[in-house]
Structures are given as C-alpha cells and as structure tokens.
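K.L.:
Kindly generate the corresponding structure for this input.
(one chain, ligands or ions: 2)
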Amino acid sequence: MEYPHRRYNALTGEWILVSPHRATRPWQGQQEGIADENKPQHDKNCYLCPGNERAGGQKNPDYANTFVFKNDFSALLNDTPEESAEENDLFIAKSEKGICRVICFSPRHDLTIPEMEIEAIEKVIDLWQKEFTDLGNRDFINHVQIFENKGAIMGCSNPHPHGQIWAQSSIPDEVQKECIMQDAYFKKHETPLLLDYLSKELQKEERIVVENDSFVALVPYWATWPFETMILPKRAIQNIGELSDGEKTYFADIYRKLTIKYDNMFNISFPYSAGIHQAPTDGKDHPEWQMHMHFYPPLLRSATVKKFMVGYEMLANAQRDITAEQSAQKLRELALIHYKQQ
Ligand SMILES: [Zn+2]
Ligand SMILES: [Zn+2]
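P.N.:
Ligands and ions are numbered 1, 2, ... in the order given. As a prediction, this is how the structure comes out:
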C-alpha cells in the first residue's frame, strides 16, 4: 500500500500507522561512516574486562570466553518478602521476586557480536541456554528475559560486549501481550501463530533479510522501528532450552549475519536493543509459544539521525514512514562481510 494505512500487529494486538508517501522524499540523511573510536582489547577501567575489579569490590576472573555474574545493582532481588497492597481498585502494588545477571560475551573489550567468530557466539548461546534452564527451573521464576543493549544511544553504559538476564515471578507486559495473542491463535488454528506467520513470509519473500537451514531473519509486517527485525526458528521451539547443538550453530550464524548487515548500514557499530521472547517458565507446556528474538534499532537515516517515539507516538499510536518492505530490501542488499574486513 502506497497510501497511509494502519497495520495490525498479530503478535501483540496493537496497530502501527504507516505513512509511505512521506518516505518517497529524497533520502537526505548523511550516509558516510563515522570513525569508530579505537578501543583497546583490554581496558583497565572497564568493570567487565577479565581480571578487573567491579564497583562492588569483586574481581572478575581471567575468563577466556564468556562470563556470567549477578548484577551488582540488580533491579530485582530473590529474597523479597511476599507483600501486596490493595487499598481499593486504584492503588495496587505487589512485591516482585527475581534475579538479574550480566553476561560478558567475550573477554575482548573491543569486539561486538558482528565482529566475533561463530564459535565464540555459540558460546554465548550455550550460556543463554544454561542460564535459561537454571533460572527457569526455580519455583518462583515464571519468566526469563535475555536481552542486550548495544550502543550509548540505547543507554548502554559500557561498550564491553555484554548482555543481561532478568528472571522474575511475573510475566512482564510486553510478553503478556504476546501470550494472549499466541494463545488465542493456537486455540483457533491449532498451530503456533509465529510458525504460520513465518511460512507465509517465506512464500511472499518481501520482508526476508537473511536465512539459513534453521532460522530466518525478517522485518516483521508490523515493524515499528525503522530497521526493526526478528529472528525466527523454522520449527516449533518454545524456548532456547530446546535448541540442538546444530541449531545453536545456525542461531549464532544468523545472529552474526544480521548484525553484520546492521553495522554495514552506516559503517558504524549499529546500536539496538535486542532480546529473546520465549514461553513462560511456569512449569506448563506452551505449544502456542514460538521462541523468537527481537531487534529494535533506533537509527533512521544515518549514524546520527535517530527515530524518536514522541508526540503522536507517545500519545496515540506508533508511526513509521519507510515501509517494512523497503527496510527489508535495504537490509537484504547489504554485504555479509563486515565493513572493517572489506
Ligand atoms: Zn571491557
Ligand atoms: Zn516477542
């Protein structure tokens, strides 16, 4: 559709306003690369580098691959007492129990996922799998959120390649929306919503960015952020714990390829928030749930022009100019060799 239209997000039940006529104006943003600051392989002031001391006084081991530790400033605590306050229908609060961990992806301070070897990324996925199983198996943990904030523009305080895991007793709102939509779809069609969605996308081929034997990266039909993408497994997988060794290699491969394309967009380390959504760890089977990984990059036209979710978006509805199909095409055309290696 070339005219302003609303698209339905079948995964959350929300709408996005698309205004493609505004994107036909010339691409004005600058596209030349911004020189990456030269980072050292080891930074003595970085609290995530091997052997360094963290704010709490603990010393990091001399780790060779990945390293996980309890967040020194956890937003959730595992010893929070049960408490709830319900004055009436208007003032409601409940205590929340959880565990927050930090995962260093590499001992190298100067690398990011797109510059790492597949074998090294596989080690990150191995650790995600192990942490998901360990945290998810605990009685009071019903949801495990694995995520990565990359780049200062996303509020990431440290350039060392790392991600986080927040595990908690409640299902967070963004996931709850997807629980409701996937459950309703499964009850009606008896197949997972995202598996049906992926097979339709593979037929259409309009929004596919990159694909391998086990995974597909695409720009969702309902994408909100300009270069938003999603990685989907090709078979029914409720959570990361179900990935075989072979599938973990394919996951590492597509994660790397997608982020290389991102970096090649403006020849910079492309910022984003990314995270894996998966079935609740409430001890129940969730055949309606299909694991997937979201990427929400904030950049719009250049390394320095950011998309702001303000005004109409804050008050009414998310909106975008460039269509999901245009974004997918742009991403598809980008090289699979990192610009620093070209
Ligand atoms: Zn570091
Ligand atoms: Zn999701």
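K.L.:
Alongside ligand 1, which residues does the stretch 1-150 of the chain contribute?
P.N.:
Within the stretch 1-150 of the chain, the positions near ligand 1 by Cβ under 5 Å from the ion are 43, 46, 48, 49, 109. Backbone N, C-alpha and C define where each C-beta goes, glycine included.
K.L.:
Contacting ligand 2 as well, which ones from those?
P.N.:
Of these, not one also sits near ligand 2 (Cβ under 5 Å from the ion).
K.L.:
Tabulate these in a markdown table, adding columns for distance to residue 63, pLDDT and secondary structure.
P.N.:
Output for those, formatted as a markdown table (distance: Cβ to Cβ, whole Å; pLDDT from 0 to 100; DSSP: H, G, I helix; E, B strand; the rest coil):
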| residue | distance to residue 63 | pLDDT | secondary structure |
| --- | --- | --- | --- |
| 43 | 15 | 95 | coil |
| 46 | 13 | 94 | coil |
| 48 | 10 | 96 | coil |
| 49 | 10 | 97 | coil |
| 109 | 13 | 96 | coil |
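K.L.:
Identify the residue nearest the residue of the stretch 151-300 of the chain found nearest ligand 1 in space, chain neighbours excluded?
P.N.:
Residue nearest to ligand 1 within the stretch 151-300 of the chain: residue 160 (3.3 Å; Cβ to the ion). Using Cβ to Cβ, 6 or more residues apart in numbering and skipping residues adjacent in sequence, the residue nearest residue 160 is residue 48, 3.9 Å away.
K.L.:
burial measure for the one you found, as a count.
P.N.:
Neighbourhood size, residue 48 [other Cβ atoms under 10 Å]: 23.
K.L.:
Phi and psi next, for it.
P.N.:
Main-chain torsions, residue 48, degrees, to the nearest 10: phi -110, psi -10.
K.L.:
Who are the contact partners of it?
P.N.:
Contacts for residue 48 were tallied using Cβ atoms under 8 Å, 6 or more residues apart in numbering; they are 60, 102, 104, 109, 158, 160, 162.
K.L.:
Could you tell me which of the residues you listed count as buried?
P.N.:
Buried members of the contacts of residue 48, counted by 16 or more other Cβ atoms under 10 Å: 60, 102, 104, 109, 158, 160, 162.
K.L.:
can you redo those as TSV with secondary structure?
P.N.:
Formatted as TSV, the buried ones among the contacts of residue 48 follow (DSSP: H, G, I helix; E, B strand; the rest coil):
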residue	secondary structure
60	coil
102	strand
104	strand
109	coil
158	coil
160	coil
162	strand
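K.L.:
Which one of the residues you listed is nearest to residue 287?
P.N.:
Residue 287 lies nearest to residue 102 out of the buried ones among the contacts of residue 48, by Cβ to Cβ, at 32.5 Å.
K.L.:
and the closest residue to the closest one other than its chain neighbours, how many residues sit next to it?
P.N.:
Distances taken as Cβ to Cβ, 6+ apart put residue 71 closest to residue 102, at 5.2 Å, once the chain neighbours are dropped. Residue 71 has 15 neighbours, counted by other Cβ under 10 Å.
K.L.:
Same check on residue 5?
P.N.:
13.
K.L.:
sorry, back to before: verify the stated contact: the residue nearest to residue 102 with residue 100.
P.N.:
Yes: with contact defined as Cβ atoms under 8 Å, residue 71 counts as touching residue 100 (4.0 Å).
K.L.:
Now the common contact residues for these two.
P.N.:
Common neighbours of residue 71 and residue 100, counting by Cβ under 8 Å, 6+ apart, are residue 164.
K.L.:
name the element residue 273 belongs to?
P.N.:
When elements are assigned from DSSP states H and E, residue 273 belongs to strand 272-277.
K.L.:
Would you mind listing what in the stretch 201-342 of the chain touches ligand 2?
P.N.:
Residues of the stretch 201-342 of the chain lying close to ligand 2 (Cβ under 5 Å from the ion) are residue 277.
K.L.:
Which stretches in the stretch 201-342 of the chain count as strands?
P.N.:
Using DSSP state E, counting those that start in this stretch, the strands assigned to the stretch 201-342 of the chain run over residues 208-211, 215-218, 229-233, 272-277, 292-296, 299-302, 305-306, 318-320.
K.L.:
Could you export those as CSV, including mean neighbour count?
P.N.:
Below are the strands of the stretch 201-342 of the chain laid out as CSV (neighbours: other Cβ atoms under 10 Å):
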stretch, mean neighbour count
strand 208-211, 20
strand 215-218, 24
strand 229-233, 24
strand 272-277, 22
strand 292-296, 22
strand 299-302, 19
strand 305-306, 14
strand 318-320, 20
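K.L.:
Distance to ligand 1 added to those, as a markdown table?
P.N.:
Shown next, in a markdown table, are those (distance: least, Cβ to the ion, whole Å):
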| stretch | distance to ligand 1 |
| --- | --- |
| strand 208-211 | 29 |
| strand 215-218 | 28 |
| strand 229-233 | 26 |
| strand 272-277 | 19 |
| strand 292-296 | 23 |
| strand 299-302 | 24 |
| strand 305-306 | 25 |
| strand 318-320 | 35 |
